[in-house]
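K.L.:
pasting the structure only:
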């Protein structure tokens with residue numbers, strides 16, 4: 001009985017592994033083969049990098065401002081009582 005369960009588990013794991021490799025491969029390509037033409041390194045332009053930097057800076061600034069205002073409101077409520 002144990003051998004049967006073990007054999008079924010092994011078959012199931014092999015089937016799942018086969019599905020995982022076929023799903024990750026490029027569509028229409030043989031199993032496990034990916035084309036090197038589809039993967040190309042792309043460099044970021046100066047303007048794109050600047051936009052990302054500004055966005056991160058703005059996000060950090062807004063988070064700090066929000067935390068400051070929450071802290072301020074908490075103390076405001078305490079002082080009113």
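P.N.:
Structure's in. What do you need? As the structure is a computational prediction, the values presented were derived from the model and not from experiment.
K.L.:
any stretches of this structure with poor pLDDT?
P.N.:
The model of the chain has pLDDT under 70 over residues 1, 3-4, 6-8, 10-37, 77-81.
K.L.:
and the helices in it?
P.N.:
Assigned by DSSP state H, the chain shows helices spanning 2-24, 46-80.
K.L.:
now residue 42. Its backbone dihedrals?
P.N.:
Residue 42 adopts backbone torsions of phi -120, psi 130, taken as degrees, to the nearest 10.
K.L.:
again, but for residue 43
P.N.:
Torsion angles, degrees, to the nearest 10, at residue 43: phi -90, psi 150.
K.L.:
what's the separation between it and residue 54?
P.N.:
19 Å (CB to CB, to the nearest Å). Where C-beta positions appear, they are placed from N, C-alpha and C, glycine not excepted.
K.L.:
neighbour count: the two, which is higher?
P.N.:
residue 54 (10 against 6; other CB atoms under 10 Å).
K.L.:
show me the contacts for that one.
P.N.:
Residue 54 makes no contacts at all, as judged by CB atoms under 8 Å, 6 or more residues apart in numbering.
K.L.:
how far away is it from residue 60?
P.N.:
Distance of residue 54 to residue 60, computed by CB to CB: 11 Å.
K.L.:
likewise for residue 72?
P.N.:
For residue 72, the distance to residue 60 - CB to CB - is 19 Å.
K.L.:
what's the answer for residue 69, then?
P.N.:
To residue 60, residue 69 is 15 Å away according to CB to CB.
K.L.:
what do you get for residue 5?
P.N.:
For residue 5 relative to residue 60 (CB to CB), the value is 54 Å.
K.L.:
kindly report the same for residue 40.
P.N.:
For residue 40, the distance to residue 60 - CB to CB - is 32 Å.
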